[in-house]
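*Asks:* have a look at this prediction, sequence included:
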Amino acid sequence: MGTEKTRVEISEPLLVEPENHGGSVESDDLEEIPDWKDQITIRGLAVSALLGTLFCIITHKLNLTVGIIPSLNVAAGLLGFFFVKSWTGVLSKIGFSVVPFTKQENTVIQTCVVACYGLAFSGGFGSYIIAMDERTYKLIGTDYPGNRAEDVINPGLAWMIGFLFVVSFLGLFSLVPLRKVMVLDYKLTYPSGTATAMLINSFHTNTGAELAGKQVHCLGKYLGISFIWSCFKWFFSGVGDSCGFDNFPTLGLELYKNTFYFDFSPTYVGCGLICPHIVNCSVLLGAIISWGFLWPFVTRHAGDWYPADLGSNDFKGLYGYKVFIAISLILGDGLYNLIKIIYLTVKEICNKSTTNNNLPVIKEATDSEGYKLLAEERRKDKVFLKDRIPTWFAASGYVGLAAISTATMPMIFPPLKWYLVLGAYVVAPALAFCNSYGTGLTDWNLSSTYGKLGLFLFASLVGGNGGVIAGLAACGVMMSIVSTAADLMQDFKTGYLTLSSAKSMFVSQLVGTAMGCVIAPLTFWLFWSAFDIGLPDSPYKAPYAVIFREMAILGVEGFSELPKHCLAMCCGFFVAAFLVNLLRDVVPKKIAQFIPIPMAMAVPFYIGAYFAIDMFVGTVILFIWERINRKDAEDYAGAVASGLICGDGIWTIPSAVLSIFRINPPICMSFNPTVA
């Protein structure tokens, strides 16, 4: 949560497999598996580039507004199926002979897309890269202790692309030799990867293809509705940040002042449909605690706890409480989960019986179905191990890329000395293993937590003379490695379940990462050129930019400049986040499912309550839908959510173009109190 990617909890199959009266093993044995080279096609790469661009735009939009990124793996598989099926269908009708579209090719497309848009997340375009820029420096305050003008590097297309190329591939090489251990020996579930595989497998059966067609129709319908609605909203949004449906006081003007209003955002409603109910409810609870009680309470002490005449963005006032308490919740949640994952990893590695009840293994069936399931599993194992990626290749690739990066990083970020970069690459594979193992257990990618650890460590090591930039750059190095390593293992799991070659998975990850190194900065540059990224009155406030820069300053300067009682509150919320997570793990699961997630609660503390209202509307819609028709909700909720998010994301492109040409909306719809 926050800059973490949200997890997907699977309690039952995403799609019900059709009954097989003839024996699944026999029918599967008749299925011809393409050679690994044939699984990677030109049309697949073209579709991957198109979808990668769309998903990068969506990820940037979410990163620069609220920082909550739902899992888009399933949407990538669904849209990949739609585009290639449409293409082959058109060619067939006009008389061309087309190569059949296989589930392996579908899997390769999904893998490539995920690798591409993953860099929009781990590339720091909404966090550590923006934290280095001049706008964030000025927002924190030019006279703020530790916030130096020398520690400013503005975004630039050339250096961002170069930076991604030198750091993004190492994670792919760091854990390749352990793919058998993670997928076959430990039998880790990787829930998002498993859900995507189940979806792709169902698409490529007769029954599944019919359902897939309906899902695609549903996605297209809501994509169109979302796009038209976003276009309609634009006409009323005027100039500035106080007009339009995005500022509609749906719950009254008094609550509007405390950011409680529904802002009619298809993206946030779509996120509410995708994210688990507990995530959405946690976000709303965080909004109620902060904007409903805590900030009004702190505001009443203006003039005592902090000077009453400070600006709304002064860190010595209310703004400081917002930022640092949010940081405390994020760090408390992240540290707990990090300790938990490392403990589970060490415990299971030391325990020889790794397939006992402590691991979420895929249970083997017995009795009449035992032979069929065992034969299917053996076939998957055989296909997965057939095209080996040599250990020497992975090791030499990691060492070579680390050497290039060690030499290059100090040129981009001078305070980050070569020996610090080398030290990061020595310990990174161990952290990548922990993150990949934890993702397999819980589906929670903690890459930004590892990044924050690197941020604090390197900022304090370098000190006041460049520690801020060194810490932020080190955060990027750690995030890139551990995030791409976890994504690779997630996709290996998808490939294992769809009988796709591990070699085609690895190559598609390499290609998708190369695409992302170019597409992610280019799509970010669209936002950067069109909008005032990072400013408080901008629709793209980039909330994590301030948080990450403040964390780097804290690593160098300490807590000396916090307003009165702020440090005590921060300690209280840090401990509370730790204890709430502990409580979630010790109580029975039927109770734990109702305990909020601190990381999700932290986001509205800083940003506001409006998006929490939207996400809660999404979760209420899904809850009612599940009660009315659970099967329809399971089949189509993901398609509806993807359509809402994608339609709003597509509108960002014409909106940005209009903004670049300084074409403003013609109407400003705003609301003021009535005069008696």
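*Replies:* Received it, and whenever you're ready, just let me know what you need. Numbering: from 1, shown residues only.
*Asks:* list the contacts of stretch 152-167.
*Replies:* With contacts defined as CB atoms under 8 Å, 6 or more residues apart in numbering, stretch 152-167 is touched by 119, 123, 129-130, 132-134, 137, 401, 404-405, 408-409, 412-413, 469, 476-477, 480-481, 514, 516-518, 520-522, 524-525, 528. Bear in mind the C-beta positions are built from the backbone N, C-alpha and C, glycine included.
*Asks:* right, and Thr267 touches Leu644 too?
*Replies:* Yes - with contact defined as CB atoms under 8 Å, Thr267 reaches Leu644; the gap is 6.9 Å.
*Asks:* how far away is Asn63 from Asp151?
*Replies:* Using CB to CB, to the nearest Å, Asn63 is found at 22 Å from Asp151.
*Asks:* which one's more surrounded, those two?
*Replies:* In this view Asn63 and Asp151 are compared by other CB atoms under 10 Å, and Asn63 has more residues nearby, 27 against 24.
*Asks:* tally of neighbours for Thr403?
*Replies:* Residue 403: Ala, not Thr. Using other CB under 10 Å, Ala403 has 12 neighbouring residues.
*Asks:* how about the strands of this protein, start to end?
*Replies:* For the chain, applying DSSP state E gives no strands.
*Asks:* so how far does stretch 559-568 reach from one end to the other?
*Replies:* In stretch 559-568, first residue to last residue: 11 Å (CA to CA, to the nearest Å).
*Asks:* what about it, average pLDDT?
*Replies:* Here stretch 559-568 scores 82 as its mean pLDDT.
*Asks:* just stretch 347-360 next, same as before
*Replies:* 56.
*Asks:* and what of stretch 104-112?
*Replies:* 94.
*Asks:* check stretch 50-61 too.
*Replies:* Mean pLDDT, stretch 50-61: 93.
*Asks:* what residues does it touch?
*Replies:* 69, 72, 75-76, 79-80, 83, 109, 112-113, 116-117, 119-121, 125-126, 267, 512, 515-516, 519-520, 523-524, 526-527, 540, 645-646, 648-650, 652-653.
*Asks:* now stretch 38-47
*Replies:* Applying CB under 8 Å, 6+ apart, the set of residues contacting stretch 38-47 is 80, 83-84, 87, 99, 102, 104-105, 107-109, 112, 500-501, 504, 507-508, 511.
*Asks:* first vs last residue of it, how far apart are they?
*Replies:* Counting by CA to CA, you get 16 Å between the two ends of stretch 38-47.
*Asks:* ok, now stretch 233-251?
*Replies:* Terminal residues of stretch 233-251 lie 19 Å apart, using CA to CA.
*Asks:* and for stretch 248-259?
*Replies:* By CA to CA, the extent of stretch 248-259 from end to end equals 10 Å.
*Asks:* start at 17 instead
*Replies:* All set: I'll call the first residue 17, so the last point we hit is now stretch 264-275.
*Asks:* just give me how far that stretch sits from the chain centre.
*Replies:* Relative to the centre of its chain, stretch 264-275 is centred 30 Å away, using CA atoms, centre = their mean, to the nearest Å.
*Asks:* show me which residues of that stretch are buried.
*Replies:* 264-265, 271-272, 274-275 (16 or more other CB atoms under 10 Å).
*Asks:* do the same with stretch 427-437
*Replies:* 428-429, 431-433, 436-437.
*Asks:* distance from stretch 420-437 to the middle of the chain?
*Replies:* Per CA atoms, centre = their mean, the centroid offset for stretch 420-437 relative to its chain is 27 Å.
*Asks:* residues making contact with that stretch?
*Replies:* The set of residues external to stretch 420-437 that reach it, using CB under 8 Å, 6+ apart, is 167, 169, 175, 178-179, 182-183, 186, 438, 441, 474, 477-478, 481-483, 485-486, 489-490, 493.
*Asks:* buried among these? Need that as a selection in PyMOL.
*Replies:* With 16+ other CB under 10 Å as the criterion, this PyMOL line picks the buried residues out of these:
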select buried, resi 167+169+175+178+179+182+183+186+441+474+477+478+482+483+485+486+489+490+493
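*Asks:* show only the entries of the contacts of stretch 420-437 found in helices.
*Replies:* Under the assignment DSSP state H, the contacts of stretch 420-437 contribute 175, 178-179, 182-183, 186, 438, 441, 474, 477-478, 483, 485-486, 489-490, 493 to helices.
*Asks:* got any ranges where the stretch 217-366 of the chain has weak pLDDT?
*Replies:* Counting by pLDDT under 70, the ranges of the stretch 217-366 of the chain that qualify are 223, 256-257, 361, 365.
*Asks:* ok, which stretches of it are helices?
*Replies:* For the stretch 217-366 of the chain, the helices defined by DSSP state H, counting those that start in this stretch cover 222-250, 269-273, 282-290, 293-303, 311-315, 334-366.
*Asks:* turn these into CSV, including distance to Phe409.
*Replies:* Output for these, formatted as CSV (distance: least, CB to CB, whole Å):
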stretch, distance to Phe409
helix 222-250, 36
helix 269-273, 59
helix 282-290, 37
helix 293-303, 39
helix 311-315, 55
helix 334-366, 25
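*Asks:* for Thr205, find the nearest of these.
*Replies:* When the helices of the stretch 217-366 of the chain are compared by CB to CB, helix 334-366 sits nearest Thr205, at 13.5 Å.
*Asks:* please name every helix or strand in contact with the closest one.
*Replies:* Helices and strands touching helix 334-366, by 3 or more CB pairs under 8 Å, 6 or more residues apart in numbering; DSSP states H and E, are helix 311-315, helix 434-458, helix 463-478, helix 559-573, helix 582-602, helix 614-623.
*Asks:* now do the buried residues in the second one.
*Replies:* To tie it back to what came earlier, the one meant is helix 434-458. Going by neighbour count (16+ other CB under 10 Å), the buried part of helix 434-458 is 436-437, 439-441, 444-445, 447-458.
*Asks:* what do you get for the first one?
*Replies:* Along helix 311-315, these residues count as buried under the neighbour rule (16+ other CB under 10 Å): 311, 314.
*Asks:* what of the fifth one?
*Replies:* Along helix 582-602, the positions that meet the burial threshold by neighbour count (16+ other CB under 10 Å) are 582, 585-586, 589-590, 593-594, 596-597, 600.
*Asks:* neighbouring contacts of that helix?
*Replies:* For helix 582-602, using CB under 8 Å, 6+ apart, the contacting residues are 336-337, 340-341, 343-345, 347-349, 351-353, 356, 575, 578, 608, 611-615, 618.
*Asks:* can you list contacts of stretch 258-278?
*Replies:* By CB under 8 Å, 6+ apart, the surrounding residues in contact with stretch 258-278 are 249-250, 252-254, 257, 279-281, 303, 307-308, 311-312, 555, 624-626, 629-630, 633, 681, 683-689.
*Asks:* give me the buried entries from these.
*Replies:* Buried among the contacts of stretch 258-278 by 16+ other CB under 10 Å: 249-250, 252-254, 257, 279-281, 303, 307-308, 311, 555, 624-626, 629-630, 633, 681, 685.
*Asks:* just the pLDDT for the nearest residue to Ile569 once chain neighbours are set aside.
*Replies:* In this structure, Ile569 finds its nearest non-sequential neighbour in Gly162, 4.1 Å apart by CB to CB, 6 or more residues apart in numbering. Gly162 carries a pLDDT value of 87.
*Asks:* same check on Ser190?
*Replies:* pLDDT for Ser190: 87.
*Asks:* so what's it up against?
*Replies:* Ser190 touches 410, 414, 444-445, 448, 497, 501, counting by CB under 8 Å, 6+ apart.
*Asks:* now these as JSON lines including distance to Leu289 and pLDDT?
*Replies:* Formatted as JSON lines, the contacts of Ser190 follow (distance: CB to CB, whole Å; pLDDT from 0 to 100):
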{"residue": "Ala410", "distance to Leu289": "39", "pLDDT": "90"}
{"residue": "Tyr414", "distance to Leu289": "39", "pLDDT": "94"}
{"residue": "Ala444", "distance to Leu289": "36", "pLDDT": "88"}
{"residue": "Pro445", "distance to Leu289": "37", "pLDDT": "87"}
{"residue": "Ala448", "distance to Leu289": "32", "pLDDT": "86"}
{"residue": "Ile497", "distance to Leu289": "32", "pLDDT": "92"}
{"residue": "Ala501", "distance to Leu289": "29", "pLDDT": "90"}
